[in-house]
Structures are given as C-alpha cells and as structure tokens.
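Undergrad: generate a structure from the sequence data that follows.
(chains A and B)
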Amino acid sequence: MRKILNNIYMASGYLSGMSILMITLLIVAQVVGRLFGFIVPSAEDFAVYSLASATFFGLAYTFHEGGHIRVSLAIKSLPPKVRKFQEGAILIFASVLSIFMAFYMTHLAWESYLFEEVSYGYIPIPLWMPQVPVALGAIMFAIAIVDDLVCMLLGKTPKYLQHEDEELSLDNDLGGEL
Amino acid sequence: MDTISLSITLAATMLLMLACGIWVALALIGVGVIGLLLSGNDQIGLLFATSSWGATTSWSLTALPLFIWMGEILFRTRLSEDLFKGLSPLLNSLPGKLLHVNVLSCGIFAAVSGSSAATAATIGRMTLPELKARGYSEKMAIGTLAGSGTLGLLIPPSIILIVYGVAAEVSIGRLFIAGALPGLLLVSLFMGYIMIWAKFNKDELPPHDDTKIPWSEKVAALRKLIPILGLIIFVLGSIYGGVTTPSEAAALGVVGALFLALMSKALTRKSFVDSLLGAVKSSCMIGLILAGAHFLTLAMGFLGIPKSLALWISAMTLSPTELLIYLTVLFVILGCFLDGISVVVLTTAVVLPMVEQAGIDLLWFGIYIVLVVEMSQITPPVGFNLFVIQALTGKNILYVALAAFPFFMLILLAVILITWFPEIVTYLPTNMSGR
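TA: Residues are numbered from 1 along each chain as shown, chains lettered A, B, ... in the order given. Predicted structure coming up:
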C-alpha cells in the first residue's frame, strides 16, 4: 500500500514535469513556425491546457515534498503535544477541502462531457479531455492529504513535515538549497 | 450580516487559518468557501471549479513554469561561481571593490532564480567567506547581501511580477519593461551608497593596492558573464522590441539555459529531471495559490466587499499618497510573516478596486508593490531574508537587521522616488512597441 501511494506521488511529479516540457515544446514550435511561415494549429490552446494539467498533476507531489508554503512562525514554538493536535486539526480541514476540490473538478469534467462542450480555437477540442487530467490531479492531491492525516492518526510523522524539518536543518548547516 | 462585520469576520478567519499553519493556497480557498456560505450561495462547488479552471488556463500564466524551469536549470550550472569570478576583476577599481560584486551577483542571480531567499543563501555561501578572508567589514558584507538578495525581485524575468500581472490582469510584458528602470535605480542607489561608505570607512576595508589588473584578464572575466547576461538581455530585449510575448521569451529562455548547461557540461539526465521536478514544485505551489486567489476574488466580488471598501475609501477622501502610505504600512506588516508572492496575491483580491478608485495606475502599482514587498523582507526585526542570513552566518538576528538597515532605507528611498517621479516606471512601457 505504502509503495503504491509513493508511486502515485512520483507519477504526479513526472506527469506535471512532462506537461511543463509540453508547454515549452508547443511554444517553441509556435515561434519556429512564425519564423518559417507555418502555423501550429491551436498551439496556444494546447499550451494553456498543458499548463492546467501541469498545475493540478503536480499538487500531490508538491504536497508530499512539503512544497506548498505556509506560515510556520507561530506553530514552530508550540509545545510538541499541542503541535500534534494542531497538525491533526489542519490536516482534517485540508482533507475536507481537498475532497471538495476533487469532487467538483471531476464534476466539471463530467458536465463538459455530458454537454459536449468544445474549445473555441482553430481545432475544436472537447473540453473534457484537458479537464480529466485536472480532475485526476485534484484526486491525487486529496489522496496525498488524507494519507498524511491517516499517518498522523496512527502516530507517525507525515512526510511533508519530515521534508520541512530537513530543510530547516539544512539551513542551519549551510548545506542544500532553500 | 452587513458588509463591515462580514469583512471583519473573513479577515479574522484568514489570519487565524494562516497562524494555525494552514497552507496559504488552502486558506484562500477556505475563506472563499466560508464567505460564499455566509452569503447563502448554493453554487459554491461549481463556482470553485469554473474559477480554478479559468485561473489555470490563462495564456500569460504559461510564462511562470517556464521561467521557473529556466532558473532551475541555470541553478544547476556553475552560475554563481562564474558570476563571482567574472565580476570581481571588473569592479576592482571602484571604491568598495568586492562589495559591489555582492550587489551585482545577487541582482543577476535573483533575476534568474526568482527568489530572494535562495539568492541570499547561494551567493552568500560563496561571497561571505571570501570577503571576510580579504578583510572586508563583516557587517557591510552581510548588509549588501540582505539588501541585494531582494533586488532581483524587480529584475526581469521576475516571478513575482508574473504573479501580480496574472492576478491584477496587467500585461506581463509591460510589467517587465516597467521594472527595468526602477531595478537600475536600486542598483545605483546600493552601489552609490557603498562608494560613499567606502570613502568614510577606509579602515574597514582591505588596504588599497595599485596593481592594475591587465586587460586580458578583464576580457577573460567578461567572457564568463556573456552567456548569462546575454540570456537576460535577450529575454528583455525581445519583449521590449515586441518580437516575442513573455511566454515565448520564457520558452526560448529554457532552450537557451539548456544550451548553456550543455556547454558547461552540467547537463546530465539526472540534473535535467531534477530541474524539471524543481520547477514542478515551485510552479504548482504558486499555481494553486493563484487559483485560490482567483476564487477568493470571485467570492469577495459576490459579497461586494471590494466595492464597499473602495466606496469607503473615496468617502474618506484620502489622497492617493495617503492611501499609499497606509498600504505601505500594511504590506510591511504582512511581509514580516508572509513571503512576497502570498502578500501580493492576498491583497490584490481586496486592495485593487480601492487603488483603481483612487486613480492609481495599476502598472505603476505593480512595481510599487514589488518594491514594498522587497523592503518588507528585510524589515527589522523580522523579515524573511533576515532569517535566511541569520541561518547562514550564525549571527544574532538583531545584528543582521542592523547590517541590513541602511539598505532598508535605500529601498524606502526608491519607493519615495518612484512615487514622486512615476515616469521612472511608466516611461519605458509607454515607449515600447506593443504586442
């Protein structure tokens, strides 16, 4: 189970990375096309849809790596017992919110499919196609958060906290990047 | 519930969530949901989905992951080392010598890395021991580092300007161009201050030597700088000349950075994947914050909060300058515990209609807000960059804050100057070829 979940987070990172690569290739193709007088049809539409999947696909990976920022000034000085309670409480909040997000992003893709919505560009793209990666990304994000909530309830340290702590200790001995 | 008590409730909820350590993006979404719940809206989920879809499918936002990736690639080359080695021989004849290297390499490095904290850490790790070994005042070395790390937020391709541009719907190309002169202004203020300081504090500098550095060495040094300077000038020039959009410049910048990495043999399969995953981390973090801000702005609009705040401001007949003073104080307070991007995003949702109402140009305001946010990063006694440098040097936070204080004042001076002469910001954008 642990292995499957970790693979999901790695996949989240790689899929997002591939989407960023895709944006680069599309835009470079467009620029080259302008120089040599050919048009890449709907390149802007495809680039923008890759951006949406890059953003949502990577959410789970970023969360797992402790990449989403938050204010740690106040909570850092809490006594360990209170701190545990606080992390648990915000994880419950985040779980509810991320499940809400995942549900409605999926709902959006489903409705686009149902009403056969298409983009307005040169090539009419059915909107559900780029919306499915977004929904999948939101679902993986929810899984990552619930996973850490379960870890917390089982008395283990969630992964994002480990990464945040690593960064702190790295700052102190001057190693690693910030 | 009337608008005033609603606004206060939501602001308090936001602060409470942030203080509890809820991730910034989720706090923005959470407050949006609560606001809509309080107003009795029953389409919250649909509104969230469509606004997030809209926010993440914006053409101008495609520049963001690309510029971040470009920075991540360059980060993994010998960039910081090349900057130091390239700049030192060139700046040796100025009073203050290597202190200028600190300023300029921070400025250039921050321009490509997009983060002032990462810049202070990376450049500082290299230059601080070097400066200390040669007998420079440690306080001044730390001060220049703290001040100049924030400099790069203004030098294109600045990530924070892209974020502001997307949130405030201002052209990113024009923002980049607008940031150029204020960026130069700040660099000259810093360097001018160092020169004057060097005149009066000769005993805190290594003794002057008259050995002239031969031209051949200067040319060799310059060659180290050409690739990175070329990349920055290319990105800026192509936007200013109207040849490319920021997104296109970013994509070409990625290609250029990959080429540079290849030439310096820093490009391996591992460094390529690492740079891409690094870009994923930063751009997803910022992307979700922007989606959250977009949703919060929408929710605020439904509640009519920005509009009534704007009316309230106009009823108080505040002059634009007075409004700016209040906003500066607000931003500096927020910057004590929030990073720059969150401050920008958090306030655009509420503050922008107020600013427009007061007749302030949104393009100018973008540069202003970035300057003030930079300043807030080194506000004594708490500021994001101060903590970084404290960790780096092991010095007391008060010592670091005191060392950074002159540079805090210099940024404040720059803020006053661009308020007095808005042309510093608006001259170049009004004269660029449009695209």
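Undergrad: residues contacting the residue nearest to residue A:41 when sequence neighbours are not counted?
TA: Among residues not flanking residue A:41 along the chain, residue A:122 sits closest, at 4.7 Å (C-beta to C-beta, 6 or more residues apart in numbering or on different chains). The way it works is simple: take the backbone N, C-alpha and C, and place the C-beta from them, glycine included. By C-beta atoms under 8 Å, 6 or more residues apart in numbering or on different chains, the contact list for residue A:122 reads A:41-42, A:45.
Undergrad: now those residues: which count as buried?
TA: A:42, A:45 (16 or more other C-beta atoms under 10 Å in any protein chain shown).
Undergrad: pick the one among the contacts of residue A:122 closest to residue B:152.
TA: Residue B:152 lies nearest to residue A:45 out of the contacts of residue A:122, by C-beta to C-beta, at 33.0 Å.
Undergrad: need the pLDDT of the residue lying closest to that closest one once chain neighbours are set aside.
TA: Counting by C-beta to C-beta, 6+ apart, residue A:45 lies nearest to residue A:121, which is 4.3 Å off, once chain neighbours are set aside. If you check residue A:121, the pLDDT there is 76.
Undergrad: and residue A:121, what element?
TA: Under DSSP states H and E, no helix or strand contains residue A:121.
Undergrad: what's the neighbour count on it?
TA: Residues lying near residue A:121 (other C-beta atoms under 10 Å in any protein chain shown) number 14.
Undergrad: what about residue B:225, neighbour count?
TA: Neighbours of residue B:225 (other C-beta under 10 Å): 18.
Undergrad: ok so, going back, how close does the residue nearest to residue A:41 get to residue A:42?
TA: According to C-beta to C-beta, to the nearest Å, residue A:122 and residue A:42 sit 5 Å apart.
Undergrad: any residues in contact with both of the two?
TA: Common neighbours of residue A:122 and residue A:42 (C-beta under 8 Å, 6+ apart) do not exist.
Undergrad: hang on, the earlier thing: so which of the contacts of residue A:122 is the closest to chain B?
TA: residue A:45 (8.8 Å; C-beta to the nearest C-beta).
Undergrad: in contact with residue B:363, which residues?
TA: So residue B:363 contacts B:170-171, B:174-175, B:178, B:425-426, B:429 (C-beta under 8 Å, 6+ apart).
Undergrad: please repeat the previous calculation with a cut-off of 7 Å.
TA: B:170, B:174-175, B:178, B:426, B:429 (C-beta atoms under 7 Å, 6 or more residues apart in numbering or on different chains).
Undergrad: dihedrals phi and psi, the closest residue to residue B:195 other than its chain neighbours?
TA: Leaving aside its chain neighbours, residue B:195 sits nearest to residue B:95 (4.7 Å; criterion: C-beta to C-beta, 6+ apart). Here is the backbone geometry of residue B:95 (degrees, to the nearest 10): phi -60, psi 130.
Undergrad: neighbours of residue B:95, just the number please.
TA: So residue B:95, with other C-beta under 10 Å, has 16 neighbours.
Undergrad: give me the pLDDT value at it.
TA: At residue B:95, the model reports a pLDDT of 74.
Undergrad: need the contacts of residue A:122 in TSV with secondary structure and pLDDT, can you?
TA: Converted to TSV, these look like this (DSSP: H, G, I helix; E, B strand; the rest coil; pLDDT from 0 to 100):
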residue	secondary structure	pLDDT
A:41	coil	83
A:42	coil	83
A:45	helix	89
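Undergrad: next one: the residue nearest the centre of chain A from chain B, what distance?
TA: Closest to where the C-alpha atoms of chain A average out (C-alpha atoms, centre = their mean) is residue A:59, at 1.3 Å. Going from residue A:59 to chain B by C-beta to the nearest C-beta, to the nearest Å gives 6 Å.
Undergrad: pretty sure that residue is touching residue B:285, no?
TA: No - between residue A:59 and residue B:285 there is no contact under C-beta atoms under 7 Å: 9.0 Å.
Undergrad: what comes up buried for the helix or strand hosting residue B:178?
TA: Following DSSP H and E, one finds residue B:178 within helix B:172-200. Going by neighbour count (16+ other C-beta under 10 Å), the buried part of helix B:172-200 is B:172-183, B:185-187, B:189-191, B:193-194, B:197-198.
Undergrad: tell me how far residue B:363 lies from chain A.
TA: With C-beta to the nearest C-beta as the criterion, residue B:363 and chain A are 24 Å apart.
Undergrad: so which helix or strand takes in that residue?
TA: Short version, using DSSP H and E: residue B:363 is in helix B:362-376.
Undergrad: any idea which helix or strand comes after that helix?
TA: helix B:384-393.
Undergrad: from the chain's centre, how far out does the helix holding residue B:363 sit?
TA: 9 Å (C-alpha atoms, centre = their mean, to the nearest Å).
Undergrad: how about the CA coordinates for it, as PDB?
TA: In PDB, the C-alpha atoms belonging to helix B:362-376 read as follows (Å, rounded to 0.1, in the frame of the first residue of the first chain):
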ATOM      1  CA  LEU B 362      -2.200  49.500 -12.000                       C
ATOM      2  CA  LEU B 363       1.000  49.100 -13.900                       C
ATOM      3  CA  TRP B 364       2.800  51.600 -11.700                       C
ATOM      4  CA  PHE B 365       1.200  49.900  -8.600                       C
ATOM      5  CA  GLY B 366       2.700  46.600  -9.600                       C
ATOM      6  CA  ILE B 367       6.300  48.000  -9.400                       C
ATOM      7  CA  TYR B 368       5.400  49.800  -6.200                       C
ATOM      8  CA  ILE B 369       4.000  46.700  -4.500                       C
ATOM      9  CA  VAL B 370       7.100  44.600  -5.500                       C
ATOM     10  CA  LEU B 371       9.400  47.300  -4.100                       C
ATOM     11  CA  VAL B 372       7.500  47.400  -0.800                       C
ATOM     12  CA  VAL B 373       7.400  43.700  -0.600                       C
ATOM     13  CA  GLU B 374      11.200  43.600  -1.100                       C
ATOM     14  CA  MET B 375      11.500  46.100   1.700                       C
ATOM     15  CA  SER B 376       9.300  44.000   4.000                       C
END
